[in-house]
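J.: Predicted model follows, preceded by the sequence.
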Amino acid sequence: MPKPTYFAGSLSCCVLTLALLAASIQPSLAQETVAPMANAWRSTADARVSDARPMQHLRPSSGDLGLTPDEERNIYVYDKGNRSVCHIMTRSVQRDTVFGMLMTESPAEGSGSGSVLDKQGHILTNYHVIEGATEIDVMLFNAENYSATLVGQDPVNDIAVLKIDVPAEVLYPVELGDSANLRVGQKAFAIGNPFGLERTMTIGIISSLNRMLPSRSGRTMKAIIQIDAALNRGNSGGPLFDSNGRLIGMNTAIASRTGQNTGVGFAIPVATIRRVAPQLIDSGKVTRPDLGVTRVYLTDDGLGIASLAQGGPAEKAGLRGFQLIREQIRRGPYVYEETRVDRNKADVITAVDGAAVRSSDDLLTAIERKSPGEVVTLSVLREGKKVDIPVTLGVGD
């Protein structure tokens, strides 16, 4: 039986195909979050009917229509969010080669989704939606097409920011929510352009948290949200909303053997977007500090260190992860060498610069607010005693 494959929700001829990391996707060891930025990309527009079609002057109340509270909530989320959703169309040149020799060049078109970030015309989407594009157009809710320029891209997190020059009054920015406190089972609303069908909404639940996916850069995207809301080609880059119409993620891929929806979709959490998008807007790239802690696990006291990057900042500072203990065991006339993992001497991170760390989100947030070369003080529990260890951050890739 063929293995499942991850597909990006794009109509591009070169559809992103992500190989399955394992037969059952393992939970991520790091989760990302950031403290909310004051009024960042926050729409002040009231919730209203946002379809491109004109609103009827005499619209019956929800009670007159016999709508259930659940249906009223669905309509509220759509009305609040759909004007923020964009249809992104790309054009590129597809080159076909045989035995390493260029044979033909042919035009290729792609399609995806995006979200309006602010009144300045910044548009959020997936990196793979615009990868290799020579021309990018953005269609807003009013069915008008606008030429877009690439502001910045982060292949590691599959995030890109575009910009269009349009009057501010036609832009309806999304309201950013919080992905730190999501719970499996809560409702999730996806709006996008599957198969080019603009502003289509599908509804489901959050199926799991802390998934990991391979990115186009070859690295692993962490803290990914798994949902069962229907996603198909063209949904990539579109918003994932909570029940209050706030952005909690960006839809990025589906797991499927056929390339179509199978009820397993994935979204990049808004915590990652909050960290990455401002850097892309400011400088067009992301500069990452590196702590040198590669794996952590949650304990009652904080974050236990499972492993460290060899020669990395944390190891140089003297932090400790799991220890490998080699023992010789005699069985009859034979002596065997066995290796076991000792967790007892691993440091447990409790705070960064005095700020408590209760999750991997907290740790990532605290570190990525810094710059390479800065010194942070990690408070750790070492064999039951509190120790403060200064660490000089390196440069991440």
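T.: Nice, thanks for sending it over. This one's a predicted model, so the numbers in the text were calculated from it and none came from an experiment.
J.: Confirm that residue 74 sits in a helix.
T.: Yes. Under DSSP: H, G, I helix; E, B strand; the rest coil, residue 74 falls within a helix.
J.: so it touches residue 202, yeah?
T.: No. Assessed by C-beta atoms under 8 Å, residue 74 is found out of contact with residue 202, at 10.6 Å. All C-beta spots, glycine's among them, are computed from the backbone N, C-alpha and C.
J.: Just want to know which of the two has more residues nearby.
T.: The residue with more neighbours, out of residue 74 and residue 202, is residue 202; 20 against 17, by other C-beta atoms under 10 Å.
J.: Identify each buried residue in the helix or strand hosting that one, please.
T.: Under the criterion of DSSP states H and E, residue 202 resides in strand 200-214. Of the residues in strand 200-214, 200-204, 206-207, 209-214 count as buried by neighbour count, 16 or more other C-beta atoms under 10 Å.
J.: one step back: shared neighbours, residue 74 and residue 202?
T.: residue 189 (C-beta atoms under 8 Å, 6 or more residues apart in numbering).
J.: Flag the shaky bits of the chain, pLDDT-wise.
T.: For the chain, the stretches with pLDDT under 70 are 1-64, 96-105, 217-219, 255-262, 324-325, 327, 338-341, 397.
J.: Given the strand holding residue 202, what are its sheet partners and their directions?
T.: Its sheet considered, strand 200-214 pairs with strand 187-192 (antiparallel), strand 220-227 (antiparallel) by DSSP bridges.
J.: Can I get these in TSV including distance to residue 179 and mean neighbour count?
T.: Shown next, in TSV, are the strands paired with strand 200-214 (distance: least, C-beta to C-beta, whole Å; neighbours: other C-beta atoms under 10 Å):
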stretch	distance to residue 179	mean neighbour count
strand 187-192	11	25
strand 220-227	7	23
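J.: and residue 321, which of these is closest to it?
T.: Between residue 321 and these, the tightest spacing by C-beta to C-beta is seen for strand 220-227, at 17.9 Å.
J.: State the next helix or strand along the chain beyond that closest one.
T.: Strand 220-227 is succeeded, C-terminally, by strand 239-241 (DSSP H and E).
J.: and that following strand, what other elements does it pack with?
T.: helix 69-81, strand 187-192, strand 247-256 (3 or more C-beta pairs under 8 Å, 6 or more residues apart in numbering; DSSP states H and E).
J.: Using CSV, please lay out the ones you listed together with distance to residue 290.
T.: Compiled in CSV, those are given as follows (distance: least, C-beta to C-beta, whole Å):
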stretch, distance to residue 290
helix 69-81, 36
strand 187-192, 32
strand 247-256, 24
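J.: Correct me if wrong: residue 270 contacts residue 181.
T.: No. Using C-beta under 8 Å, residue 270 makes no contact with residue 181, being 11.5 Å away.
J.: When those two are compared, which one has more neighbours?
T.: The neighbour comparison of residue 270 against residue 181 (other C-beta under 10 Å) goes to residue 270, with 29 against 10.
J.: Residue 163 belongs to a helix, doesn't it?
T.: No. Read with three-state DSSP, residue 163 is strand and lies in no helix.
J.: thinking again about what came up before, redo the buried residues of strand 200-214 as JSON lines? Include distance to residue 142.
T.: Below are the buried residues of strand 200-214 laid out as JSON lines (distance: C-beta to C-beta, whole Å):
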{"residue": "200", "distance to residue 142": "17"}
{"residue": "201", "distance to residue 142": "18"}
{"residue": "202", "distance to residue 142": "23"}
{"residue": "203", "distance to residue 142": "25"}
{"residue": "204", "distance to residue 142": "28"}
{"residue": "206", "distance to residue 142": "32"}
{"residue": "207", "distance to residue 142": "34"}
{"residue": "209", "distance to residue 142": "36"}
{"residue": "210", "distance to residue 142": "38"}
{"residue": "211", "distance to residue 142": "36"}
{"residue": "212", "distance to residue 142": "38"}
{"residue": "213", "distance to residue 142": "34"}
{"residue": "214", "distance to residue 142": "37"}
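J.: Looking at these, which is nearest residue 337?
T.: residue 212 (32.7 Å).
J.: Quick check: that closest one touching residue 253?
T.: No. Look at residue 212 against residue 253 with C-beta under 8 Å: they stay out of range, at 11.9 Å.
J.: returning to what we had before: so, if you compare the buried residues of strand 200-214, which one comes nearest to residue 313?
T.: residue 212 (23.0 Å).
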